[in-house]
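> Sequence first, then the predicted structure:
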Amino acid sequence: MARLSISYAGHFSDRVQDLFYGAVKPEAIDLHFIPLQPFQAFARMLRGEFDCAEMSFSTYTIMVARAKAGGSAMPFVAIPVFPSRTFRHGAIYVNRKAGIARPEDLAGRRVGVPEYQMTAAVWARGLLMREYGVRPASMRWTTGGLRDPGRKPMVAVSIPDIEIRHEERKTLDAMIVAGEIDALIAPQAPPSFRAGNPDIGRLFSDTAAAEQAYFRRTGLFPIMHVVVLRKELCERHPWVAVSLYEAFELAKNNCLERLRVEEPVPISLPWSSDLAKTTVEMMGADFWPYGVEKNRKVIAALCDYTWEQGLVPVRAEVDDLFAPSVAHLSNLRL
């Protein structure tokens with residue numbers, strides 16, 4: 001089998017470092033790993049600049065659902081590799097002067113978000129609706145740049161009965177400080193919060209406790225990003241999806257094994273070994289699983305949320321999202 005040269009763009013983390021350094025090599029593939037911030041990787045993959053890349057999971061799910069409903073053909077296909085997962089209670093910030101003390105207080109408020117359809121916002125709205133009864137339509141939404149003005153959405157969104165306005169000139173951070181919005185959902189902390197502005201705080205003050213309780217109740221560890229390949233490449237070389245899946249899985253497993261090392265500590269944080277043990281006790285040894293079946297519940301939740309929040313014309317199903325050969329392979333290797 002001839003070796004293929006394949007470009008991959010995504011953020012650098014311990015889960016993929018073996019691919020970046022070449023300690024893990026996909027079979028019959030020369031992988032050229034371009035480390036980029038996720039938003040850059042998403043935007044450039046949407047422009048067709050790479051063979052394979054990290055992609056916003058909600059954006060991909062929306063594209064699949066739109067294609068399913070008769071829209072534009074999908075240029076990508078995903079493999080069940082999830083480079084980014086994050087609980088999103090900590091992504092909800094409030095202006096303390098607005099009198100928001102609990103999630104239910106968000107009803108009727110002005111809420112900022114960089115992009116309405118971004119995965120972090122989909123998950124945050126999902127937990128607000130499912131856990132606290134706060135529906136997206138009960139809030140007024142403003143989109144725009146968090147730190148720099150003028151951010152444009154990757155996917156156009158217009159939803160009946162949802163008020164969404166786009167702000168071109170101001171940043172969301174400046175708006176929450178000025179009280180022009182009452183709250184903010186953002187994957188990165190706003191600069192005002194990082195700077196210690198006393199007026200800006202998290203909705204859930206004990207974020208870790210809230211997120212751990214959520215996991216115990218629901219079993220959901222939210223997926224933010226997925227790995228996608230050019231569909232044409234996958235159709236021409238079906239083995240590529242399998243080779244890449246196996247390589248990403250091995251790199252991730254190597255990462256989890258390193259986290260179990262107690263001496264010397266594998267990352268530059270004191271008490272990291274205790275944290276690793278606590279995480280395994282709560283979430284299991286493979287607490288960052290790849291594959292379809294191990295993640296079916298959490299993927300189905302995202303499909304539900306994109307449908308319930310009016311982001312898609314039809315509901316995407318879990319099995320609509322992944323290359324069939326890889327989905328089958330990952331199911332066999334539970």
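Happy to help now that I have it. Not measured: the values here are computed from a predicted model.

> Work out the gap between stretch 221-235 and the centre of the chain.
A distance of 12 Å separates the centroid of the chain from that of stretch 221-235, by Cα atoms, centre = their mean, to the nearest Å.

> just stretch 204-218 next, same as before
The answer for stretch 204-218 is 18 Å, by Cα atoms, centre = their mean.

> For that stretch, output the C-alpha coordinates as PDB.
Extracted in PDB, the C-alpha atoms of stretch 204-218 (Å, rounded to 0.1, in the frame of the first residue of the first chain):
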ATOM      1  CA  PHE A 204     -21.900  28.800  39.100                       C
ATOM      2  CA  SER A 205     -19.400  30.000  41.700                       C
ATOM      3  CA  ASP A 206     -18.200  26.400  42.600                       C
ATOM      4  CA  THR A 207     -17.800  25.300  39.000                       C
ATOM      5  CA  ALA A 208     -16.100  22.000  39.700                       C
ATOM      6  CA  ALA A 209     -18.800  20.900  42.200                       C
ATOM      7  CA  ALA A 210     -21.600  21.900  39.800                       C
ATOM      8  CA  GLU A 211     -20.000  20.000  36.900                       C
ATOM      9  CA  GLN A 212     -19.300  16.900  39.000                       C
ATOM     10  CA  ALA A 213     -22.800  16.800  40.300                       C
ATOM     11  CA  TYR A 214     -24.100  17.200  36.700                       C
ATOM     12  CA  PHE A 215     -21.900  14.300  35.500                       C
ATOM     13  CA  ARG A 216     -23.200  12.100  38.300                       C
ATOM     14  CA  ARG A 217     -26.800  12.900  37.500                       C
ATOM     15  CA  THR A 218     -26.600  12.700  33.700                       C
END
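
> Could I get the buried residue list for it?
204, 207, 210-212, 214-215 (16 or more other Cβ atoms under 10 Å). C-beta here means a position set from N, CA and C on the backbone, and glycine is covered the same way.

> same thing with stretch 136-144?
136-139, 141-144.

> Which one of these is nearest to Leu19?
Closest approach between the buried residues of stretch 136-144 and Leu19, by Cβ to Cβ: Thr143, at 33.5 Å.

> That closest one against Glu168, yeah?
No - Thr143 is beyond contact range of Glu168, at 10.0 Å (criterion: Cβ atoms under 8 Å).
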